[in-house]
Each structure stands twice: as C-alpha cells, then as structure tokens.
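**Q** need a structure here:
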Amino acid sequence: MTRMRPAGRRFRTTALALAGTILLTVATAPATQAAGAVRTASPTGFTIPFTGPSRYLPLAPTETTVASQLHQAIGQQAADVLAARIGLRRSTSFTEQQYLEFIAGQGVGGDPVPAALVDASVKILTNTTGHPLYSVVNGVLTPTVLASYGLFVTKDGWLESPAYRTAPTRLVNTVIAPGGYMGRWMRANGATSSLIALYRSAYLVEAAFGFVCQQISGEAQLAPNTKNGTSVDVGMSMAPALWLTNFARIYTLNPALAAEMPAGWAPIPATVAAAILTSPTGRVRYSDYASALQ
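**A** As a prediction, the model looks like this:
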C-alpha cells in the first residue's frame, strides 16, 4: 500500500486538534453534570458522562435479563452491523498481516512493549464465554470469565475494574492516544486509511467521554447505574462510552476479536461491589469473592 506522508501529516495535526477540543469540551460540561447524576439519568440507568453522546447510546450493550446471557459475546454479525452504524467498515480494518505484525511489535517502528499492552487489554475486554483469563488464585491456576460485570482477575489474583490505574486496559491509554504509538505504527505500516476511518467514526467523541468517566470515578473505577429506583454498579468497561470506545478500537485492529466483546452488562453482585468501593486500594482478592461471581 502506498504511503501518503503529506496527507498523513495533515491528518495527524487535524486529529490531534480535534481530540484536544473534544477533551476540553467534555471535561467541563459532563463532569459538572455528573455531580447530579440521578437528575440526568437516561432510560438505560447510566448518566452523563458514562452514557457518552445520546445519539450512540442505543448502540451500547443493554442489561442482561437471564443467566444464560451472562458473559456472552456479541457475535460477528452483530459486530459488523454495529461497526457500520458507528462509521467503521471491515475494508478499513487492519489486514491479517498488519494485525499480526502490530500485536507482535513488528513492522516499521514496531515495539514489543506497547504492543504487549494492546494485546493484554484486548484479552481482558474479550473475556467472554470461551475466552477465559488465567490467574494464580491461592496458588492454583484458575480460569475466570467476568466480562459482563466489567471486572477481571489479574494474573496474581486481584479482582478489579479494567479501568484500574495499573490494569493493562488503563495503561494502554497512552499507546492508543492521538499521536501515540498505535497511530505512529499505523502511518508507518500502510494503515493510514484505518487510522482515518477510526478517527472519523464515533471513536474520538466516545473516548473523550470515557476519559472524563475515568477522571471522576476514584480508585474503584466502577460505573453507577440507577433505574426504577434501584442502584447498582458495573465495571467501567461496560459503561456505554467506554464499551463503544473499545469496540471501535478493537474492530479496527481485528473485527473477529471485536465480535468476542460482551453483548450485555450485568450488575456486580452487591457484596462484591461494596467491597471494591470501600477498599482503600479500589480492588479486592478474587478468592474472597469468587463464590459470589459464579
């Protein structure tokens, strides 16, 4: 694929300016509105900024209503339809070769360290049925599937939100930010069209709302939901703004992986949510709450 350096430079400048404008705008209005979250609740139970823009809210996962839906993936057909509705197409996603090189830290300017962060974050965000994460829990290698709760278990047994400050899914923010490693790699390896398509989609505006969500959610990084007088919590990755941001990014990298993201969210069991929220570190040992998450 021919590389268009002048256009790439112009695009980078425009994208960075746009991202900066969005972040500044969203960081003031939604953050202010968040203080009165219940008053601005949507029919989904989520509030600004967790909802993201209202025009995309109907596309986000809904609450699971039966046990069999828990941690189920959206599937390829639904992923393709959703991608089109937020402005993405399979034809502008990475080729298989580009994805394999990117995730391995290869290609022009490739770096295994940020590539590994992307790979780890994708695995956490696609921790649905058939795609367990493996962690050492009380000395035993243990599989877990918790995606609908918006939680995951670290390799050393901590239960936390994917937006937790040391989680790969949080640390990857610097890698995927405009001007970061991902964008540089895409421009250097024939994927400029993928980057342009991503930034023209709902991605940037959803990411801006997601940024604000992370800034106002303390150590625990849980998203509140109040509907019909009932208040529950879910991990940040299942809040509409964050879910759609991650979907757009993963679909651009590999549509088949985006199809493995959770189709619906589920309230974290009350005892588990309370423990996470009251923990001084914002996370708890999975072994202490495993039975409540089965």
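**Q** excluding covalently adjacent residues, which one is nearest to residue 76?
**A** Leaving aside its sequence neighbours, residue 76 sits nearest to residue 259 (C-beta to C-beta, 6 or more residues apart in numbering; 4.2 Å). Backbone N, C-alpha and C define where each C-beta goes, glycine included.
**Q** how about residue 69?
**A** residue 264 (5.4 Å).
**Q** bridged to the one you found, which residues?
**A** residue 62 (DSSP bridges).
**Q** residues in contact with it?
**A** By C-beta atoms under 8 Å, 6 or more residues apart in numbering, the contact set of residue 264 is 61-64, 69-70, 72, 148.
**Q** columns pLDDT on top of those, output as TSV?
**A** Output for those, formatted as TSV (pLDDT from 0 to 100):
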residue	pLDDT
61	97
62	96
63	97
64	95
69	95
70	97
72	98
148	98
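**Q** quick one: which of those has the most company?
**A** residue 148 (26 neighbours; other C-beta atoms under 10 Å).
**Q** which phi and psi does the residue nearest to it when sequence neighbours are not counted have?
**A** The shortest distance from residue 148 to any non-neighbouring residue, by C-beta to C-beta, 6+ apart, is to residue 266 (4.3 Å). With angles defined as degrees, to the nearest 10, residue 266 sits at phi -130, psi 140.
**Q** wait, residue 266 touches residue 70, no?
**A** Yes. Contact between residue 266 and residue 70 holds when scored by C-beta atoms under 8 Å: they sit 5.6 Å apart.
**Q** okay, and the common contacts of these two?
**A** 64, 148.
**Q** residue 224: which element?
**A** Taking DSSP states H and E as the criterion, residue 224 maps to strand 222-227.
**Q** tell me the helices and strands packed up against that strand.
**A** On a contact count with 3 or more C-beta pairs under 8 Å, 6 or more residues apart in numbering; DSSP states H and E, strand 222-227 meets strand 230-235, helix 270-278.
**Q** in contact with residue 251, which residues?
**A** 79, 83, 88, 93, 258.
**Q** how close does the residue lying closest to residue 288 once chain neighbours are set aside sit to residue 269?
**A** Distances taken as C-beta to C-beta, 6+ apart place residue 275 nearest to residue 288, at 7.5 Å, with adjacent residues excluded. Distance, residue 275 to residue 269, by C-beta to C-beta, to the nearest Å: 10 Å.
**Q** what touches both of the two?
**A** residue 289.
**Q** whichever strand or helix holds residue 246: how far from the chain's middle?
**A** For residue 246, the element it lies in under DSSP H and E is helix 240-253. Offset of helix 240-253 from its chain centre (C-alpha atoms, centre = their mean, to the nearest Å): 6 Å.
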